[in-house]
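Got a predicted structure plus its sequence, pasted below:
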Amino acid sequence: MGKLIDGEWIVKSIITTDDSGAYDRLPRTFLDTIEDGHPIFQPELGRYHLYVSYACPWATRTLIYRQLKDLTDHISVSVVHPDMLEDGWIFDSSFPAATEDHLFGKKFLREIYQKADPSITTSVTVPILWDKKTETIVNNESSQIIRILNTAFNDLTGNHIDFYPQEKRTEIDRLNDMIYNNVNNGVYKSGFALTQSAYDDAVTKLFETLDYLDEQLTHSKFLVGDEITEADLRLIPTLLRFDAVYVTHFKCNIRRIVDYKNLHRYMQDMLEVPAIKDTCNIDHIKRHYYYSHEQINPYRIIPKGPSNI
């Protein structure tokens, strides 16, 4: 693992914590958008490219949206190898479903960041939304990329499905904030905690929130009514990794998702959606977490189970 500092690759831990030993996720570097009238990034079919990992829950969001919004033929994709070691994310198609860098033939994902800015200081993360025309990064924050994919290309594709409808935004935003802090990021706060108190705080909030969501799902099929919204699409990648990885690897073991009546039913219902099923690659998921995090799993032993999600 490492990061870019003034354009140079420095091998160092990318796990950042505050003074209490609590994990602290760093903000992303590129935060532009694609929209009609934008001075640089206008909606065009075939112009943009995604760099992703099947292992990464943040990147998986963008793959789900790409398929749900009929953009698979219009936004190309490169998939990194699941291992993230001293060189960070790499391109190596020897692992099934991983690909080469389809745009430039680079070996390391950091080279994509360096191409955008040769003197950049940044963590080297996925997803990346890349502009082929100007050869730079549009955005590398998953929550913003999915909003871009939700609306930017509607008039070009004819797909006007809206996962962030105006009349539901207040509730979606409330759930997003809770889910991000306590669940999406909560599993990392639990797994990367450096003190008992930081772990206890994170894992308690995680399961309080899962308990709340399980109760919420007694009243509706999905989180905000009977149709899938952005809140569901931000939650599901974490749930799909939970029993296979987070329970053991990140010590999130108070309960499994299979132990929750409503959350488990909900997860199985979500897996019936082709865009979610097609982008869930359990081999990439297990390989990445158990093999990459040497500080947690120093012998890099990858568990055989569970046999299903």
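Done, it's in. Residues are numbered from 1 along each chain as shown.

Can you classify the residue lying closest to residue 32 once chain neighbours are set aside by secondary structure?
Nearest non-adjacent residue to residue 32, counting by C-beta to C-beta, 6 or more residues apart in numbering: residue 138, 5.1 Å away. C-beta here means a position set from N, CA and C on the backbone, and glycine is covered the same way. Three-state call for residue 138 (DSSP: H, G, I helix; E, B strand; the rest coil): strand.

tell me the contacts of residue 138?
30, 32-34, 41, 48, 129-131, 148 (C-beta atoms under 8 Å, 6 or more residues apart in numbering).

Could you tell me how far it is located from residue 30?
7 Å (C-beta to C-beta, to the nearest Å).

Equivalent analysis for residue 24, please.
Distance, residue 24 to residue 30, using C-beta to C-beta: 20 Å.

cool, residue 118 as well?
Relative to residue 30, and taking C-beta to C-beta, residue 118 is found at 15 Å.

Show me which of those two is the more surrounded one.
It is residue 30, of residue 118 and residue 30, that has more neighbours when counted by other C-beta atoms under 10 Å, with 19 against 10.

Now do the contacts for the closest residue to that one other than its chain neighbours.
Using C-beta to C-beta, 6+ apart and skipping the chain neighbours, the partner closest in space to residue 30 is residue 137 (4.3 Å). By C-beta under 8 Å, 6+ apart, the residues touching residue 137 are 29-30, 112-113, 116, 128-131.

Before we move on, what's the pLDDT of residue 137?
Looking at residue 137, its pLDDT stands at 98.

what does residue 211 give?
98.

what does residue 14 give?
At residue 14, the model reports a pLDDT of 68.

Residue 19 too?
Per the predicted model, pLDDT is 79 at residue 19.

what about this structure, any weak spots by pLDDT?
14 (pLDDT under 70).

hmm, try it at 80
13-17, 19, 24-26, 307-309 (pLDDT under 80).

Report the beta-bridge partners for the residue nearest to residue 30.
residue 130 (DSSP bridges).

Distance check, it against residue 22.
Taken as C-beta to C-beta, the span from residue 137 to residue 22 is 29 Å.

what residues are up against residue 189?
Applying C-beta under 8 Å, 6+ apart, the residues near residue 189 are 22-23, 198, 201-202, 206.

moving C-terminal of the strand or helix carrying it, what's the next helix or strand?
Residue 189 belongs to helix 186-191 when assigned by DSSP states H and E. Heading C-terminal from helix 186-191, the first helix or strand you meet, by DSSP H and E, is helix 196-216.

contacts for that following helix?
So helix 196-216 is in contact with 17, 20-23, 178-179, 181-183, 186-187, 189-190, 193, 223, 235, 251-252, 254-255, 257, 260-263, going by C-beta under 8 Å, 6+ apart.

and if we set it to 6 Å?
With contact meaning C-beta atoms under 6 Å, 6 or more residues apart in numbering, helix 196-216 is reached by 20-22, 178, 182-183, 186, 189-190, 193, 254, 260, 262-263.

if we can go back for a sec, for the helix holding residue 189, list the C-alpha coordinates in PDB.
Extracted in PDB, the C-alpha atoms of helix 186-191 (Å, rounded to 0.1, in the frame of the first residue of the first chain):
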ATOM      1  CA  GLY A 186     -18.600   1.600  10.000                       C
ATOM      2  CA  VAL A 187     -17.200  -1.800   9.000                       C
ATOM      3  CA  TYR A 188     -13.800  -0.100   8.200                       C
ATOM      4  CA  LYS A 189     -13.900   1.900  11.500                       C
ATOM      5  CA  SER A 190     -14.300  -1.500  13.300                       C
ATOM      6  CA  GLY A 191     -11.700  -3.300  11.300                       C
END
